[in-house]
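[1] A structural model of the following input is requested.
(one chain, ligands or ions: 1)
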Amino acid sequence: SDRLVDVLDGPAEVRRPRPPLAAPTMTALRERRDELRDRIMNSGAVERQRSLGKLSARQRLEALLDEGTFLEFDMYRRRPGAPGDPAAQGPHTDGVIAGFGSIEGRQVCVYAQDFSIAGGSLGEAHAAKIHKVMDLALSTGSPIIGLNDSGGARIQEGVMALNGYGGIFRRQVQASGVVPQISVVLGPCAGGAAYSPALADFTFMVRDIAKMYLTGPDVVAAVSGEQVSHEQLGGARVHGELSGVATFVSDDEQSCLEDVRYLVSMLPRNNLEQPPRLAPRGAATDSRPALAGIVPSASNKPYDMRQVIAEVVDDGAYLEVHEGWAPNVVCALARIDGDVVGLVGNQPTSSAGVLDTVASQKAARFVRFCDAFNIALVTLVDVPGFLPGTEQEHGGAIRHGAKLMYAYCEASVPRVQVIVRKAYGGAYIVMDSRSIGTDISLAWPTNEIAVMGADGAVNIIHRKQMAAADDPEALREQLVGRYKDELMHSYYAAERGLVDEVIDPAQTRAVVARSLALLRDKHRPVPQRKHGNIPL
Ligand code: HXC
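    Sure thing, here's the model as predicted:
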């Protein structure tokens, strides 16, 4: 029993009666607390970040959140030292600042990795702090925003670091479609760490400082001999234009964090809430004559669909997602008469607005986001079809096009389709046609809806007749004219109820606003199932 006492109380020679200690005063305790907090808050190497052209983690949170609203959790958390070696314990915060605050008065949960502590690498305590704020985000229905700046799994903590990442990914998937998730990449984001932004709804990257890849340039060189820079492998341009991993690319951190605030201002806090509404803007009677001048009636002449969007939405203001990736389809969040909407439009200035594998993926993911978070969809159609060719077919054009089809068919939010000009074949169907469930279908007098263009159609259905004709060209001209008159005139779909109204382009904003007002209370029960099986 003597040994036991030794173990519990230390060796006998140090077990001597201590003089009674006076309890410290409240003032002293408060001073000690303030001093410790000051030390922790100023421990991040602001200078080092600045020398890398970056803000510190705390400066980033200041720029992101409403002033004075950040409440930090787990500031004292650290990696414990080995027994008998308290000096081996890690620094406070363990390299991540976590907590909650508000953006435009609405609560969000946040974390910001601190590259100045062990390269922002993710160890056990670091991961546990992120898990805690993610759990709070889910239980309180709050958006979660992660500011990433990290060398990835903390190598010295081995499998516990990997386990920490797994816990983040699992929580992200559980939170998917429940609370909006935003990932901001403000430094390196290497290895499996890149999956966190990939699982988020929106990923921001800042030019020059943000990098994302599964394996860095050194590993690439060792495995394949390929020499590539960090920027060429996974810089903001690569992910904003080629891979589609980044939804938004910003020039600097301040403007990036301002854009995050703008995005959050248009999102509901969770899937049980409606997106925040602003006061109506009198859109229902707002005629926009400029609309009639934007779209050339000749169907092969390009124009910028963003000009149409700017006329239809409040204040001409919209936030375009994936601006640099698949520019042949435009996806944007905006407001119409104070209500948040998601706009999907074909873009005639880019590959004539054709749908291809990447455009289908981009639009499908956007439609699914809007549907999950109660954001009405407005689809502006001017599409010549799906892009033909071996490259597309071999690249899975059918599978990717099916994603967009699936996304629209599944969407239960208010849906308004506006056929601005061309709408051909499968691309007509997939761009929110009546057959796949649009609520209100409107068309401009320039609409051209058909299985295919007149020339192609005549070649197929009158091939024999033309081969036998004395003057095939004259016959072709006559047949093309007849096809256009009979099957492609601007009231063909309206005569059959597939278009509800052929509207004056100038009235587009007004009619869409009135349609959305009707649809605001739309309720479409969906059958119970575990989950669908979207073609991935
Ligand atoms: C522990 C790390 C670290 C890591 C960086 N540091 N990454 N410590 N674990 N993963 C430390 C460095 O030792 C250094 O400490 C400080 O952070 C800054 O790093 P530097 O290399 O000096 O900075 P820089 O030159 O800017 O380079 C940044 C970097 C590089 C590109 C991120 O550090 C790097 O390549 N790190 C390793 C990246 C990586 O391979 N991570 C593991 C990926 S696998 P001192 O004390 O010197 O300041 C992975 C699996 C996740 O993440 C799996 C999830 C499924």
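[2] just for the protein, where's the confidence low?
    1-16, 44 (pLDDT under 70).
[3] could you rerun that using 50?
    Counting by pLDDT under 50, the chain shows low-confidence ranges at 1-10.
[4] near the ligand, which residues of it are found?
    118-119, 121, 151-156, 162, 165, 188, 190-193, 216 (Cβ under 6 Å from any ligand atom). Heads up, the C-betas are built off the backbone N, CA and C, glycines and all.
[5] repeat the analysis, applying 8 Å as the threshold.
    52, 115, 118-122, 150-156, 161-162, 165-166, 169, 187-188, 190-193, 195, 211, 215-216, 218-219, 230 (Cβ under 8 Å from any ligand atom).
[6] any chance of a ChimeraX selection covering the buried ones in these?
    Burial among the residues of the chain next to the ligand is assessed by 16 or more other Cβ atoms under 10 Å; the matching ChimeraX selection reads:
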select :115,118,119,120,121,122,150,151,152,153,154,161,162,165,187,188,190,191,192,193,195,211,216
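[7] measure Val502 to Ala284 for me?
    From Val502 over to Ala284 the distance is 19 Å, taken as Cβ to Cβ, to the nearest Å.
[8] same check on Ala23?
    69 Å.
[9] between these two, which one's more packed in?
    Between Ala23 and Ala284, counting by other Cβ atoms under 10 Å, Ala284 is the more crowded of the two (16 against 8).
[10] so that one makes contact with Ala510?
    Yes - counting by Cβ atoms under 8 Å, Ala510 is a contact partner of Ala284 at 5.6 Å.
[11] show me what contacts the closest residue to the ligand within the stretch 201-350 of the chain?
    Nearest residue of the stretch 201-350 of the chain to the ligand (Cβ to the nearest ligand atom) works out as Gly216 at 5.4 Å. By Cβ atoms under 8 Å, 6 or more residues apart in numbering, the contact list for Gly216 reads Ala190, His230, Leu233.
[12] Glu258 now?
    Ala63.
[13] any idea how far Ala137 is from the residue nearest the centre of the chain?
    With distances taken as Cα atoms, centre = their mean, the residue of the chain nearest its centroid is Phe202 (2.5 Å). Taking Cβ to Cβ as the measure, Phe202 falls 15 Å from Ala137.
[14] repeat for Ala376
    Per Cβ to Cβ, Ala376 is found 25 Å from Ala137.
[15] same question, Arg524
    In this view, Arg524 and Ala137 are 28 Å apart by Cβ to Cβ.
[16] ok, Leu263 next?
    16 Å.
[17] and the end-to-end length of stretch 346-359?
    Distances were taken as Cα to Cα, to the nearest Å; on that basis the terminal residues of stretch 346-359 are 9 Å apart.
[18] same check on stretch 219-230?
    This stretch, stretch 219-230, spans 12 Å end to end (Cα to Cα).
[19] by contact count, what packs against the helix or strand hosting Glu477?
    Taking DSSP states H and E as the criterion, Glu477 maps to helix 472-487. For helix 472-487, the elements it packs on are helix 454-461, helix 463-467, judged by 3 or more Cβ pairs under 8 Å, 6 or more residues apart in numbering; DSSP states H and E.
[20] buried sites along the first one?
    In other words, helix 454-461. Judged by neighbour count using 16+ other Cβ under 10 Å, the buried positions of helix 454-461 are Ala454, Ala457, Val458.
[21] what would these look like in TSV with distance to Ala127?
    Formatted as TSV, the buried residues of helix 454-461 follow (distance: Cβ to Cβ, whole Å):
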residue	distance to Ala127
Ala454	61
Ala457	60
Val458	64
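[22] that older thread, state the distance from the residue of the stretch 201-350 of the chain closest to the ligand to Arg237.
    17 Å.
[23] spit out the contact partners of the residue of the stretch 301-450 of the chain found nearest the ligand.
    Going by Cβ to the nearest ligand atom, the ligand is nearest to Arg365 of the stretch 301-450 of the chain, at 22.1 Å. Going by Cβ under 8 Å, 6+ apart, Arg365 touches Ala407.
[24] now swap in Val223 and tell me
    Thr215.
[25] Gly164 versus that one, what's the distance?
    For Val223, the distance to Gly164 (Cβ to Cβ) stands at 26 Å.
[26] show me the domain layout of this protein.
    With domains defined by automatic domain parsing, the chain comprises 45-80+87-265, 283-452+489-519, 454-487.
[27] any chance of those in JSON lines, plus distance to Asn533?
    Formatted as JSON lines, the domains of the chain follow (distance: least, Cβ to Cβ, whole Å):
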{"stretch": "domain 45-80+87-265", "distance to Asn533": "16"}
{"stretch": "domain 283-452+489-519", "distance to Asn533": "9"}
{"stretch": "domain 454-487", "distance to Asn533": "34"}
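[28] and of the ones you listed, who's closest to Glu31?
    Of all those, domain 45-80+87-265 sits nearest to Glu31, with 16.5 Å by Cβ to Cβ.
[29] wait, isn't Asn148 in contact with Ala198?
    No - in this structure Asn148 lies outside contact range of Ala198 using Cβ under 8 Å: 11.4 Å.
[30] between the two, which is the more surrounded one?
    Asn148 (28 against 17).
[31] if we can go back for a sec, just checking, which of the residues of the chain next to the ligand belong to helices?
    Ala161, Leu162, Tyr165, Gly166, Phe169, Tyr195, Asp218, Val219, His230 (DSSP state H).
[32] which two of these have the greatest separation?
    Pairwise distances among those were taken by Cβ to Cβ; the largest, 25.9 Å, belongs to Gly166 and His230.
[33] dump the residue contacts of the closest residue to Gly497 other than its chain neighbours.
    Nearest residue to Gly497, sequence neighbours excluded (Cβ to Cβ, 6 or more residues apart in numbering): Arg434, at 7.8 Å. Listed by Cβ under 8 Å, 6+ apart, the contact partners of Arg434 are Gln417, Ser441, Gly497, Leu498, Val499.
[34] which one's more surrounded, Leu263 and Ala137?
    With neighbours defined as other Cβ under 10 Å, Leu263 and Ala137 compare such that Ala137 has more, 26 against 22.
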